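>>> what shape does this take:
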Amino acid sequence: MTFIHQTAIVSDGSEIGEDCNIGPFVTIGPNARLADRVRIESHAVIDGDTEIGADTHVFPFVSIGMAPQDTKYAGEPTRTVIGANNQIREFVTIHRGTEGGGGVTRIGNDNLLMAQAHVAHDCQVGSGVIMANAATLAGHVEVADRANIGAYSGVHQFCRVGLEAFVGGYSVVVKDAPPFAIIQGNHAKCYGLNRVGMKRRGYPPDTIDKLRRAYHLLLSAKLNTSQAVERIREEITGCKEVDLLVDFITSSKRGVVL
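Numbers count the residues shown, from 1 in each chain. Here you go, the predicted structure:
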């Protein structure tokens, strides 16, 4: 059974699933849609054309689906789509998209957004992502699955954070952060393969060795990026993770943190 506190404001037109819990002083707009077992704690605001997936827990003072902080935004209809089983902690802000950025801010499943994190307009966040306290994504940022963005770090607009990348706390990321790597600093630099993280994820030793060799060629072999990529293609074959790294580098529009 769904519970809605008597002080909550749930607008006509909104859709609330089964077994949801809407806490005191929550505001839910007319175009919000909550799937089953969503829990919204006190004083949270769900606005705009917003979908929240099943079993997601929204903590106090969160703001989801409000208008983007973009001076070009003129009130056009855009959306926020959040998947299932997310933990969205206190004071997190997630803004809806803009027409120029595709119109949708999207967050996948099983993510943890810690207190005061910010996801700006048109960001595309995968699944299994952790954003620590006050981590900030500017507009149009793409974050791949299982990436980790440390506390008080900022990612510049239009940048990408690769699969399982680890961005250390207080970092400023102004280029694409490559997959499987440790990225740290202001401005951020790449410190090589996150071998500990890969072992914890259960990657086989052969895959870790091949990625370690690839990062050695990128960072330590006194080659420019194009030369390093060619060497990687020549010397390291039969590893989809290395292929993903190469594709990430060659498809970059902002350059890659190295």
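>>> please count neighbours and contacts with C-alpha atoms only from this point.
Will do.
>>> contacts only, for Phe248.
The contact partners of Phe248, taken as CA atoms under 8 Å, 6 or more residues apart in numbering, are Gly162, Pro178, Pro179.
>>> can you flag the buried ones in these?
When neighbours are counted using 16 or more other CA atoms under 10 Å, the contacts of Phe248 contain these buried positions: Gly162, Pro178, Pro179.
>>> do I have it right that the second one meets Gly162?
Yes: in terms of CA atoms under 8 Å, Pro178 counts as a neighbour of Gly162; the distance is 5.0 Å.
>>> can I assume Gly13 sits in a strand?
No: Gly13 sits outside any strand when classified using DSSP: H, G, I helix; E, B strand; the rest coil, being coil.
>>> and the closest residue to it other than its chain neighbours, how many neighbours does it have?
Once its chain neighbours are removed from consideration, Gly13 has its nearest residue in Pro30; the separation is 4.7 Å (CA to CA, 6 or more residues apart in numbering). Pro30: 17 surrounding residues under other CA atoms under 10 Å.
>>> same thing with the one 5 residues further on?
Here the count is done by other CA under 10 Å, and Ala35 has 20 residues near it.
>>> next one: phi and psi at it?
phi -80, psi -180 (degrees, to the nearest 10).
>>> isn't it right up against Ile52?
Yes: distance between Ala35 and Ile52: 6.2 Å, which falls inside the contact criterion (CA under 8 Å).
>>> pull the CA atoms of the helix or strand where Arg106 lies into PDB?
Arg106 is located in strand 104-107, with elements delineated by DSSP states H and E. As requested, the backbone C-alpha atoms of strand 104-107 are provided in PDB (Å, rounded to 0.1, in the frame of the first residue of the first chain):
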ATOM      1  CA  VAL A 104      16.800  14.200 -21.600                       C
ATOM      2  CA  THR A 105      18.900  13.900 -18.400                       C
ATOM      3  CA  ARG A 106      19.200  10.200 -17.900                       C
ATOM      4  CA  ILE A 107      20.500   8.100 -14.900                       C
END
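>>> can you pull the contacts of Val58?
If you count contacts by CA under 8 Å, 6+ apart, then Val58 has Val38, Arg39, Ile40, Glu41, Ala44, Gln87, Ile88, Arg89, Glu90 around it.
>>> could you export those as CSV, including neighbour count and pLDDT?
Supplementary listing: these in CSV, determined by neighbours: other CA atoms under 10 Å; pLDDT from 0 to 100:
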residue, neighbour count, pLDDT
Val38, 25, 98
Arg39, 22, 98
Ile40, 27, 98
Glu41, 21, 98
Ala44, 25, 98
Gln87, 19, 98
Ile88, 26, 99
Arg89, 21, 98
Glu90, 20, 98
